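A.B. asks: Sequence first, then the predicted structure, then my questions.
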Amino acid sequence: LLGCVAATPNFYVWGCLPGNISASFPFCDAKQPLEDRVNDLVSRLTLDEKLGLLGRNANNDVKACFCMDSGIPRLGIPEFMNLVETNTNVASACISETICSTAFPGPAGMAASFNTTLWFSKGDAISTELRAFSNANWHRNFNGKGLIGLSGYGPNINIVRDPRFGRNSELPSEDPFLSAQYAIQYVRGCQGPAQPYRKMVAGLKHFTAYSVENNRMARSVNISVFDLWDTYLAQYGPAFTQAEPELVMCSYASINGIPNCADNYTLTQVLRGQWGQEDILIVSDCYAVGNMVHANHYAANSTDAAVKAFNSGCDVDVGDGIFSPKSAGGDNGLGDAVAAGLVSQQRVDQAVSRVLKKRFVTGLFDPLENQPLTRIPISAINSSSHQQLNYEAALQSFVLLKNANNTLPFQTGQKIAVVGPHAVSQRDLFSDYARDDLCYQPGHKSNAYWCVPTIGDQITAFNQGGITEVVQGVDFDSHDQKHIKDAVVAAQRADVVVLALGLSFNDEHEGIDRENIKLPGDQYELAHQILALQKPTVLVLVNGGIVAIEQLVSGSAAIIEAFKPAVQGARALAAALFGHENRWGKLPVTIYNASFDNVDMYNFRMPPDPASSYPGRTYRYYTGNPTFEFGTGLSYTTFSMRCTLNVSPNIACDVTNTGPRAGDEVVMLYHSAGSTLRAKLTHPAPIKQLINFFRVHLLPGQTEHFLFPVSDNDLMLVNESGVKVLYHGDHVLRVSRGVGPDSVFNVTV
């Protein structure tokens, strides 16, 4: 099976093959300009056929949210499946025990690396595997009929606005700039160059301000123009304009009473107009158009929903069948709207052209012999190089938050107790959208995650010559304390303890939000009993959204935030614990204390409001005292930093490894308005905001010189009208390593 490639990839337009039904038509002629080919094809379609490309065909036995369209059989154009998730891996069934898609650490861990090369490489690996699955005629794990095409949905770059949001494990950061840079590199890695063919078409989601699961279909949130542009659109603008993803998914969210998928302002005026993404294909989240009728009641019926969504810019209705014709088992809401003159034929042709262009640019209409991408074999899936990349990603996803008295790294040959629910977890090492099969299922039906190493097992393997006891103690959400004593006994016998706590899939996932940011179940009780022993204890946190740990900080000798480290995570963590690796990242989010639970989750305002004691959100605006700040992160070695401000202006920095070990360091550049300028502003301004960063690997004694260019754009602030303005006056530039003193420079514009 290895190396075998199908004769034609999934969804290849067989009608264009020599001698076939459409081979003589201009749209099959690869020598013709793209626009001419698309126009020729669209001109040959009936209205019913066009509508069949804009939504699901309910007559095929494929899950509604996968959105398999109707194709155009009379022209040899096959049905096409629109939805394959690629936020963390290629959502697919495993081909064999050794050929399952590579599942990367959750996006927060990826963002913690502050490594643009890593993000690009992840995208390149994902698209390579998507191509390999498609070339092999492979499918998702739904009755073998959900064939994998060349469109993928990811990255998800909604802002980590509130730690209780149920989908935080899918998101990179609370910072718009960091989220944008992650998306830019990931999309570039996924899509590759535009010529001769896109490797795949990548889709950003969920556009925009999607940050609540509870009552998500019906809820409308109030967002000011300032917050919309300063936070909720801020990461999307650079991602669209610099990476040019071919797709975007509009979300379930409603802003100020208008559902995202019917918001002409964001979809048409901003995305296609201001940001110039005229050809981008906008698809709805699954059932988002139908929600306008059944949940938020923005529309009176299917036809009204079709008119409001379609005329506002949404091209494809995923899940509902509201855009689909009766012949495809749909509601024909869009067809009825055309018949009533509420939607123009020109608008239908525009949407269909966008749909078809994505297939042309990936080569589905062109001769296979000129397309090396169609020969990527299944041996590329979870290849040794992808496994190594995944291991590197996991190493750089961990953040060392505390290491008192050099508790870490461990020496081998000790007595080690590994306790807590994450000592033995497998499924819960993955973020929410690590889909579908992560381990080959035949023969392993009782445990879908049988191939995933546990933290306890890997620490045992690394602790050669020593004794390692692994005791769960408590489950994630249970209040059954009867096994805490077993964990305590193991800890009493140990020289050092690893306390592995955090969240499970049951605590945070699509469809639910957390009620609070505390550790669930009786994990605090386990922690307090372990810490009371006063053994050197390393607290390891595995979670998507952050958890409140202020009551555990002083008693823990070391603390590691591991986020969701995925299949290579346990091995990478053990390697880091024993000092085989020193590749730490920095926090891409703020770790609040438990008092943050008093903040109204449904308040989407970002700046503080002293009148109501509202503290603000994220490091850019939060006025409370966090447990650990955004950007925090330590290392096993030490670094020094010396920076100077040049006239350009730019900032030149030398970073030197002054310690005994090779290691990685991240340097971050922040901007803030100076105190005099801030006093004159008529709108809020961030306390500080990230404008650049740099990651470097240094040997002991090695120095790296690098330059932070500073442009006018870096010094701009968003005003109350949502416009970025360069204000004259005093500005502050701050260079930080997340530990030690910052270098601060005052600049006058």
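C.D. replies: Now that the structure is in, tell me what you want to look at.

A.B. asks: What's the mean pLDDT across stretch 174-191?
C.D. replies: The average pLDDT within stretch 174-191 is 98.

A.B. asks: what about the helices in the stretch 551-700 of the chain?
C.D. replies: With DSSP state H, counting those that start in this stretch as the criterion, the stretch 551-700 of the chain has helices at 569-577, 618-621, 675-680.

A.B. asks: the strands in the stretch 251-400 of the chain, which residues?
C.D. replies: Counting by DSSP state E, counting those that start in this stretch, the stretch 251-400 of the chain has strands at residues 254-255, 258-259, 281-284, 399-403.

A.B. asks: now these in CSV, with distance to Asn39?
C.D. replies: No exception for glycine: its C-beta is placed from N, CA and C like everyone else's. Output for these, formatted as CSV (distance: least, CB to CB, whole Å):
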stretch, distance to Asn39
strand 254-255, 35
strand 258-259, 32
strand 281-284, 17
strand 399-403, 52
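
A.B. asks: most tightly surrounded among those?
C.D. replies: Mean neighbour count, computed with mean count of other CB atoms under 10 Å, is highest for strand 281-284 among those, reaching a mean of 26.

A.B. asks: what about Val647, how many neighbours?
C.D. replies: Neighbours of Val647 under the rule other CB atoms under 10 Å: 5.

A.B. asks: An error on my part: the question was meant for Ser648.
C.D. replies: 11.

A.B. asks: pLDDT score assigned to it?
C.D. replies: So Ser648 comes in at 77 (pLDDT).

A.B. asks: coming back round to it: what would the strands of the stretch 251-400 of the chain look like in a markdown table with mean pLDDT and distance to Ser612?
C.D. replies: Formatted as a markdown table, the strands of the stretch 251-400 of the chain follow (pLDDT from 0 to 100; distance: least, CB to CB, whole Å):
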| stretch | mean pLDDT | distance to Ser612 |
| --- | --- | --- |
| strand 254-255 | 98 | 21 |
| strand 258-259 | 98 | 25 |
| strand 281-284 | 98 | 35 |
| strand 399-403 | 98 | 31 |
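
A.B. asks: between those strands, which one is nearest to Tyr433?
C.D. replies: When the strands of the stretch 251-400 of the chain are ranked by distance to Tyr433, counting by CB to CB, first place goes to strand 281-284 at 16.4 Å.

A.B. asks: outside of that closest one, which residues touch it?
C.D. replies: 67, 82, 201, 203, 246-250, 261, 267, 271, 309, 313-320, 354-355, 357-358 (CB atoms under 8 Å, 6 or more residues apart in numbering).

A.B. asks: hang on, the earlier thing: and of the strands of the stretch 251-400 of the chain, who's closest to Phe410?
C.D. replies: Closest to Phe410 of the strands of the stretch 251-400 of the chain is strand 399-403 (CB to CB; 11.5 Å).

A.B. asks: Packing partners of that closest one?
C.D. replies: Packing contacts for strand 399-403, counted by 3 or more CB pairs under 8 Å, 6 or more residues apart in numbering; DSSP states H and E, involve strand 558-561.

A.B. asks: swap the cut-off to 10 Å and go again
C.D. replies: The contact analysis (3 or more CB pairs under 10 Å, 6 or more residues apart in numbering; DSSP states H and E) places strand 399-403 against helix 107-112, strand 537-542, strand 558-561.

A.B. asks: Just say which of the ones you listed is most tucked in.
C.D. replies: Among the helices and strands packed on strand 399-403, judged by mean count of other CB under 10 Å, the one packed with the most neighbours on average is helix 107-112 (a mean of 30).

A.B. asks: follow-up on the earlier one: will you turn the helices and strands packed on strand 399-403 into TSV that also has distance to Phe708?
C.D. replies: Formatted as TSV, the helices and strands packed on strand 399-403 follow (distance: least, CB to CB, whole Å):
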stretch	distance to Phe708
helix 107-112	19
strand 537-542	31
strand 558-561	26
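
A.B. asks: With mean pLDDT and distance to Ser635 added, can I get the ones you listed in JSON lines?
C.D. replies: Below are the helices and strands packed on strand 399-403 laid out as JSON lines (pLDDT from 0 to 100; distance: least, CB to CB, whole Å):
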{"stretch": "helix 107-112", "mean pLDDT": "98", "distance to Ser635": "13"}
{"stretch": "strand 537-542", "mean pLDDT": "99", "distance to Ser635": "16"}
{"stretch": "strand 558-561", "mean pLDDT": "99", "distance to Ser635": "12"}
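
A.B. asks: To Thr644, which of the ones you listed lies closest?
C.D. replies: Proximity to Thr644, assessed across the helices and strands packed on strand 399-403 by CB to CB, is greatest for helix 107-112 (28.4 Å).

A.B. asks: How about the secondary structure of the nearest residue to Ser169 once chain neighbours are set aside?
C.D. replies: Of all residues not flanking Ser169 in the chain, Gly544 sits nearest, at 2.5 Å (CB to CB, 6 or more residues apart in numbering). Look at Gly544: counting by DSSP: H, G, I helix; E, B strand; the rest coil, its state is coil.

A.B. asks: For Glu469, which of the strands of the stretch 251-400 of the chain is the nearest?
C.D. replies: strand 399-403 (23.1 Å).

A.B. asks: mind listing what the closest one pairs with, with the direction of each?
C.D. replies: Strand 399-403 pairs in its sheet with strand 558-561 (antiparallel), by DSSP bridges.

A.B. asks: quick revisit: and of the helices and strands packed on strand 399-403, who's closest to Leu526?
C.D. replies: The minimum distance between Leu526 and the helices and strands packed on strand 399-403 falls on strand 537-542, with 11.4 Å, by CB to CB.

A.B. asks: for the residue nearest to Ser169, what are its contacts?
C.D. replies: Gly544 makes contacts with 106-109, 160, 163, 165-171, 428, 430-432, 502-503, 505, 507-509, 514, 563-564, as judged by CB atoms under 10 Å, 6 or more residues apart in numbering.

A.B. asks: can you do 6 Å?
C.D. replies: Asn168, Ser169, Ser431, Glu508, Lys564 (CB atoms under 6 Å, 6 or more residues apart in numbering).

A.B. asks: can you pull the buried residues of the helix ranked longest in the chain?
C.D. replies: Across the chain, the longest stretch assigned as helix under DSSP state H is helix 116-135. Residues of helix 116-135 classed as buried: 116, 118-135 (neighbour count, 16 or more other CB atoms under 10 Å).

A.B. asks: for stretch 91-102, same thing?
C.D. replies: Across stretch 91-102, burial judged by 16+ other CB under 10 Å covers Ala91, Ser92, Ala93, Cys94, Ile95, Ile99, Cys100, Ser101, Thr102.

A.B. asks: Out of those residues, name the ones that lie in helices.
C.D. replies: Among the buried residues of stretch 91-102, none falls in helices (DSSP H).

A.B. asks: separation between Met217 and Ile322?
C.D. replies: 15 Å (CB to CB, to the nearest Å).

A.B. asks: Show me which of those two is the more surrounded one.
C.D. replies: Each of Met217 and Ile322 has its neighbours counted (other CB under 10 Å); Ile322 has more, 30 against 17.

A.B. asks: Wait, the more buried one touches Ala306, no?
C.D. replies: Yes - counting by CB atoms under 6 Å, Ile322 does reach Ala306; the two are 5.3 Å apart.

A.B. asks: hey, what's in contact with both of these two?
C.D. replies: Joint contacts of Ile322 and Ala306 (CB under 6 Å, 6+ apart) are Gly333.

A.B. asks: how distant is stretch 596-607 from the center of its chain?
C.D. replies: 22 Å (CA atoms, centre = their mean, to the nearest Å).

A.B. asks: average model confidence for that stretch?
C.D. replies: Model confidence over stretch 596-607, given as mean pLDDT, is 98.

A.B. asks: Report the contact partners of the closest residue to Gly146 other than its chain neighbours.
C.D. replies: Of all residues not flanking Gly146 in the chain, Arg140 sits nearest, at 3.8 Å (CB to CB, 6+ apart). Residues near Arg140 by CB under 6 Å, 6+ apart: Ala91, Ser92, Gly146, Asp436.
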